[in-house]
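>>> Any chance you could fold what I've pasted below:
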Amino acid sequence: MNIFVIMKRTFDTEEKITINNGQIDEGGAEFIINPYDEYAIEEAIVLRENQGGEITVVTVGDEEAEKELRTALAMGADKAVLIDSEDLDELDQFTVATLLATYLQKQDYDIILGGNVAVDGGSGQVGPSVAQILSIPQVTTITNLEIADGKATIVRDVEGDEETVEVSLPVLVTAQQGLNEPRYPSLPGIMKAKKKPLEMLDLDDLDLEEEDVEPKTATIEVFLPPAKQAGKVLEGDAPSQVKELVSLLKSEAKVI
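Prediction:
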């Protein structure tokens with residue numbers, strides 16, 4: 001089975017994010033594999049263990065993304081591909097999906113996995129867009145995956161409920177939290193990852209021009225949410241607290 005995982009390098013949301021001139025200050029940010037993509041990588045490894053085959057992890061980014069690709073290789077992926085976007089001024093979901101799909105069009109794939117969303121943007125558009133360009137079925141927010149006889153039986157999350165679907169391969173799926181528990185790279189895995197193949201491609205390698213991947217959207221502004229104000233503790237008996245609360249809701253919160 002030929003398994004591909006589309007992965008994104010994102011900043012660690014547990015770290016403090018700094019905004020300078022409307023852009024995230026990458027100099028002070030820690031970067032990781034997008035957590036939802038870790039579920040996709042883990043599921044790919046489980047599939048290979050059960051079905052056999054090979055796992056290729058693909059990402060779009062600059063050379064800094066090699067670190068995250070090596071982490072994916074250390075987790076257990078067989079090969080990695082970095083599509084270099086350093087020469088592109090702007091990237092949006094259309095740009096990334098076009099680059100990924102153009103690469104995948106030339107590959108022999110049975111299943112493509114990705115994260116449901118990226119924690120930095122949260123649009124959830126790249127995976128479905130790739131499937132649309134490739135003209136293959138897609139199933140999003142999956143929480144269980146079984147493959148047999150050229151078909152996938154998939155359980156997906158639908159707003160707190162579940163839906164079970166059956167689809168023929170090839171298919172693209174996006175992983176939701178709860179699909180599995182991603183493994184940590186082991187020391188032997190880290191050592192092996194250094195010798196696993198990592199291919200770097202650019203627009204010329206994909207027979208693309210810059211205008212072919214020109215963004216369809218533009219980011220107007222990036223900002224942090226306003227700091228939360230300290231809460232107030234109301235004192236006195238219940239009637240006094242209720243009276244003061246109503247007064248504050250009128251005068252300060254202005255919600256009544």
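
>>> Now do the phi/psi pair for residue 120.
phi -90, psi -30 (degrees, to the nearest 10).

>>> now it, nearest residue through space, not along the chain?
residue 10 (4.5 Å; Cβ to Cβ, 6 or more residues apart in numbering). To be clear about C-beta, it is placed using only N, CA and C from the backbone, and glycine gets the same treatment.

>>> Next, the buried residues of the helix or strand encompassing that neighbour.
Element membership of residue 10, judged by DSSP states H and E, is strand 9-11. Buried residues in strand 9-11, counted by 16 or more other Cβ atoms under 10 Å: 9-11.

>>> What helices and strands are in contact with that strand?
Judged by 3 or more Cβ pairs under 8 Å, 6 or more residues apart in numbering; DSSP states H and E, the packing partners of strand 9-11 are strand 31-33.

>>> Quick check: what element follows the strand it packs on along the chain?
Helices and strands here follow DSSP H and E; after strand 31-33, the next one along the chain is helix 35-51.

>>> Quick check: mean pLDDT of the helix or strand that that next one is followed by?
For helix 35-51, the following helix or strand on the C-terminal side (DSSP H and E) is strand 54-61. The pLDDT scores in strand 54-61 average 97.

>>> partners of the strand holding residue 10 in the sheet?
Listed by DSSP bridges, the sheet partners of strand 9-11 and their directions read strand 31-33 (antiparallel).

>>> May I see the buried residues of the partner strand?
Within strand 31-33, the residues that qualify as buried are 31-33, counting by 16+ other Cβ under 10 Å.

>>> Please render the residues you listed as a markdown table that adds distance to residue 68 to the earlier fields.
Output for these, formatted as a markdown table (distance: Cβ to Cβ, whole Å):
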| residue | distance to residue 68 |
| --- | --- |
| 31 | 7 |
| 32 | 7 |
| 33 | 5 |
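
>>> Those residues into CSV, with extra columns for pLDDT and distance to residue 201?
CSV is the format used below for the buried residues of strand 31-33 (pLDDT from 0 to 100; distance: Cβ to Cβ, whole Å):
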residue, pLDDT, distance to residue 201
31, 88, 21
32, 93, 23
33, 95, 20
